[in-house]
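Peer 1: below is the sequence, then the predicted model.
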Amino acid sequence: LRPLGLSNEASAQLLSVQVLAAILAGDEEKARDLEERARISAPDEIEVRLLDARIAALRQRYDLALDEVEAVLAFEPGSAEALRLRAHVLLRQERPREALEAFNESIDIARIDFGDRVARAAINIRLGEMDDVKADVTQLQALAPDHPSVKYLAGLLAFYTGDDDQAVFSLEAARPVSDRYPLVLFYLALTHLFESDGETAESYAREFVALLPDNIRGRKLLAALLLHNADYDEVEAVLQPVLDFNPADIDALGLLAQALANVDRANHALTLYLRMSQVDPALAVGDVPITAGFMNTPLDLPRAAAVEAMLAKPVAFPRDDVLKIHARVVAGDYPGALERADSLRWRDTVGIAPYNLQAELMVLAGKPEQAREVLSRAIKRKPKDASVNLSLGQFARIDGDLREERERYRAVLNGDPANIEVLLA
């Protein structure tokens, strides 16, 4: 029944690992056979007694896993393996302080505690207990100074304590474990930003988003770095999944508005600022920090100002104008808003944004015919502009003129056949 040449205990340990592998591979029949063989080989072996707990944890039945672990600990309270498993299950349940206590116990008992110390240091980083982190990192560096997990912890410790040169050095050395610790990439982006290397920072943020595409903080960091590097056209695609998840996400709306104001879509930026004001009427939309969406954990906040300072650049025209117009619209002062938009048109003699803004304001002010006149002038300046053609297409729809509406969309698609907004229209 047991693998050739192994003792009962060693055979049971090997078979226990094979049980878990079979479950992960989805082979339940093989897992049951291996489990039965393990129990026959050495029923009192700790790995065998913990099998039920490990299987429950793999199946994300964490309460059952804890019950099984506690049953083992009742008979063998000094088992480092059982304490370690309890700690990992508690972590899965988002109970970090209880997990920390379990790791403390396992470290006191275990002969080999490298993995436990790594886990404990990671928990203490989450909890902001930097003195405890430093103590574990010191021990780990003595055991395995070049281990990527140790470099990762040392890099985070350096980042949070403001030693940016050491943070870059350590986190670069931790890249081999970025699939296990994706935050390596997140903080490499920030540390390279501190080195005034915005392009490298952006590339690390891209890696982070590629690894964790549903991570909202990562997408907001990448959007902020795209703004920093003047890659405005890509910001909308990066933030769209965030806004699909939460259309009222203030931080994402603010980042997108800044990008649109820089690509001749100031009317869309105004719409986003107005939406932000609807979400939070007390909000000063122009004062939302760039870092608000990704430097917002208690641990990150002490460094948020430094990141904000690195990202801050001279405000590109016409963001300030859009914000001033926004303030007039919120106050109900449409004549004042239109006056500012007209002033913008005379100062920006090349772009189409002032015309779009004027038309948007006229619609808001209940003057659709004047909006049409402005858009008619704008389309002569830029016949293939998507925003203007979309607006004129909507007016054609109101008139019931589907031929005209279709022609407006074709004018855009002839030059930009992948324009999603126009394709949908």
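Peer 2: Happy to help now that I have it.
Peer 1: use CA for all of it now, contacts and neighbours both
Peer 2: OK.
Peer 1: run the chain-centre distance for stretch 175-183.
Peer 2: In this view, stretch 175-183 has its centroid 15 Å away from the chain centroid, taken as CA atoms, centre = their mean, to the nearest Å.
Peer 1: same question for stretch 411-424.
Peer 2: Using CA atoms, centre = their mean, the offset of stretch 411-424 from its chain centre is 30 Å.
Peer 1: what count of nearby residues applies to the nearest residue to R303 once chain neighbours are set aside?
Peer 2: Excluding the flanking residues, the one nearest R303 by CA to CA, 6 or more residues apart in numbering is Y160, at 7.3 Å. Neighbour count of Y160, defined by other CA atoms under 10 Å: 18.
Peer 1: so for Y160, what's the pLDDT?
Peer 2: pLDDT recorded at Y160 is 91.
Peer 1: residues in contact with it?
Peer 2: For Y160, the contact set (CA atoms under 8 Å, 6 or more residues apart in numbering) comprises L299, D300, R303.
Peer 1: quick one: I112 from Y152, how far?
Peer 2: Distance check for I112 against Y152: by CA to CA, to the nearest Å, it reads 20 Å.
Peer 1: quick one: which of the two has more around it?
Peer 2: A direct count of neighbours by other CA under 10 Å for I112 and Y152 places Y152 higher, at 28 against 11.
Peer 1: show me where pLDDT drops low in the chain?
Peer 2: Where the chain drops to pLDDT under 70, the residues are 1-13, 15-17, 19-20, 22-23, 31, 33-49, 314-317, 346-350.
Peer 1: residues making contact with stretch 172-179?
Peer 2: Against stretch 172-179 from outside (CA under 8 Å, 6+ apart): P148, S149, V150, K151, Y152, V184, L185, L188, L211.
Peer 1: turn these into TSV, columns for distance to E421 and secondary structure.
Peer 2: Putting the contacts of stretch 172-179 into TSV (distance: CA to CA, whole Å; DSSP: H, G, I helix; E, B strand; the rest coil) gives the following:
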residue	distance to E421	secondary structure
P148	45	helix
S149	45	helix
V150	47	helix
K151	46	helix
Y152	42	helix
V184	36	helix
L185	33	helix
L188	35	helix
L211	28	helix
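Peer 1: any quick PyMOL command for the buried ones out of these?
Peer 2: In PyMOL syntax, the buried subset of the contacts of stretch 172-179 is picked out as below (16 or more other CA atoms under 10 Å):
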select buried, resi 148+149+150+151+152+184+185+188
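Peer 1: now for the contacts of stretch 172-179: which two are most distant?
Peer 2: V150 and L211 (21.3 Å; CA to CA).
Peer 1: for the stretch 251-400 of the chain, what spans make up the strands?
Peer 2: Ranges of strands within the stretch 251-400 of the chain: none, based on DSSP state E, counting those that start in this stretch.
Peer 1: residue boundaries of the helices in it?
Peer 2: Along the stretch 251-400 of the chain, counting by DSSP state H, counting those that start in this stretch, helices occupy 266-279, 301-311, 319-330, 334-347, 353-364, 368-381, 386-399.
Peer 1: for the fifth one, packing partners?
Peer 2: When you say that, I think you mean helix 353-364. Packing partners of helix 353-364 (3 or more CA pairs under 8 Å, 6 or more residues apart in numbering; DSSP states H and E): helix 266-279, helix 334-347, helix 368-381.
Peer 1: so of those helices, which one's packed in deepest?
Peer 2: helix 266-279 (a mean of 21; mean count of other CA atoms under 10 Å).
Peer 1: distance between that helix and the chain's centre?
Peer 2: 23 Å.
Peer 1: quick one: contacts for P241?
Peer 2: D214.
Peer 1: and it, what element?
Peer 2: helix 235-245 (DSSP states H and E).
Peer 1: what is the neighbour count of V288?
Peer 2: Neighbours around V288, by other CA under 10 Å: 14.
Peer 1: check N215 too.
Peer 2: Neighbour tally, N215, other CA under 10 Å: 14.
Peer 1: contacts only, for the residue nearest to it when sequence neighbours are not counted.
Peer 2: Of all residues not flanking N215 in the chain, V209 sits nearest, at 6.9 Å (CA to CA, 6+ apart). Residues in contact with V209 (CA under 8 Å, 6+ apart) are N215, G218, R219, L222.
Peer 1: which among these count as buried?
Peer 2: In the contacts of V209, the ones that pass as buried (16+ other CA under 10 Å) are G218, R219, L222.
Peer 1: now do the one helix or strand the second one maps to: everything it contacts.
Peer 2: Assignment of secondary structure by DSSP H and E places R219 within helix 216-228. Among residues not part of helix 216-228, those counted as contacts by CA under 8 Å, 6+ apart are 186, 198, 201-202, 205-206, 208-209, 212-213, 232, 234-235, 238-239, 242, 251-252, 255, 258-259, 290-291, 293-294, 311-313.
Peer 1: what about it, distance to the chain center?
Peer 2: Distance, centroid of helix 216-228 to centroid of chain: 8 Å (CA atoms, centre = their mean).
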